[in-house]
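**Q** got a predicted structure plus its sequence, pasted below:
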Amino acid sequence: MDNKEMRLQLYMARCGVASRRKCEDIISQGRVSVNGKIIMTPGTKVTEEDSVKMDNRLIRPAKKKIYLVLHKPSKFLCSTEDPDGRSLAIDLISPAIKQRVYNVGRLDYLTSGLIFFTNDGDFAKKITHPSSHVEKEYVVTTKKEIPLELMENFKKGIYVGDEFFKLKSYKLNGSNSVNIVLEEGKNRELRKVFQSKNINVKKVHRIRIGGVKLTGLNSGHFRNLTEREIRSLQKDSNSAADKNKRKFTSKQRK
């Protein structure tokens with residue numbers, strides 16, 4: 001990284017603190033100082049020459065980029081801390097990885113499956129930003145039979161309260177199981193959609209992000225993403241962003 005000015009939350013993300021959005025929250029909580037002065041406004045410009053501290057600890061840009069895929073078990077929280085003392089997904093990684101890493105997106109407490117951890121803020125943003133349209137595939141198992149009508153409505157787009165949800169594709173595996181592909185994925189989206197029709201969800205399990213599959217990775221274990229997988233994910237997100245940009249430009253011309 002050079003000494004050009006950048007936004008504080010971006011600097012923090014490149015230091016492996018958390019995603020840019022999470023870093024904005026940390027800044028707003030008054031936990032970050034620049035050259036001895038507490039900063040509470042995200043967007044403040046800094047360079048590598050500045051002394052940036054979080055919780056009074058100096059943070060520096062990560063020299064080595066780390067990209068991990070974890071098979072998260074159910075009842076593990078995607079967070080750096082929990083006041084209720086629940087098990088943390090990061091604790092499955094931290095004993096073996098000394099560098100600071102954080103989860104890319106989230107899986108809720110009860111949901112199991114594939115999730116990435118990294119210290120690369122740019123990578124995390126590309127994977128999680130809605131404009132990237134990176135596919136996430138889940139297997140949902142329910143207690144009641146899954147109505148075909150619900151899946152078709154979900155594919156067209158469905159409101160649950162004030163929230164709008166839409167899947168990309170689905171494949172029924174029987175009366176009580178379905179594979180669902182999302183491109184954005186909102187907080188507890190799948191559970192909310194099924195529960196809106198009084199269908200209790202037994203299990204939500206993510207099996208794929210982009211071209212990366214969970215195959216062969218035991219629950220609670222993690223591995224490094226391969227160079228090929230990283231390039232594929234970045235290529236997919238860049239292609240989607242370029243496509244959206246062309247659509248926007250075309251609309252402006254019209």
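**A** Here it is on my side, so go on. Numbers count the residues shown, from 1 in each chain.
**Q** and the nearest residue in space to Cys15 that is not next to it in sequence, backbone torsions?
**A** In this structure, Cys15 finds its nearest non-sequential neighbour in Ile59, 4.3 Å apart by CB to CB, 6 or more residues apart in numbering. Every residue, glycine included, has its C-beta placed from N, CA and C. Torsion angles at Ile59 (phi, psi; degrees, to the nearest 10) stand at phi -120, psi 140.
**Q** give the other helices and strands that the host helix or strand of Ile27 contacts.
**A** When elements are assigned from DSSP states H and E, Ile27 belongs to helix 20-28. Other elements packing on helix 20-28 under the criterion 3 or more CB pairs under 8 Å, 6 or more residues apart in numbering; DSSP states H and E are helix 8-14, helix 121-128.
**Q** how does it look with 6 Å?
**A** On a contact count with 3 or more CB pairs under 6 Å, 6 or more residues apart in numbering; DSSP states H and E, helix 20-28 meets helix 8-14.
**Q** between the two ends of stretch 135-146, what distance do you get?
**A** End-to-end span of stretch 135-146 (CA to CA, to the nearest Å): 22 Å.
**Q** that one: how far from the chain's middle?
**A** 19 Å (CA atoms, centre = their mean, to the nearest Å).
**Q** report the buried residues of that stretch.
**A** By 16 or more other CB atoms under 10 Å, the buried positions in stretch 135-146 come out as 136-140, 142, 146.
**Q** again with stretch 159-174
**A** In stretch 159-174, counting by 16+ other CB under 10 Å, buried: 165-167, 170.
**Q** just give me the neighbour total for Asn200.
**A** 10 (other CB atoms under 10 Å).
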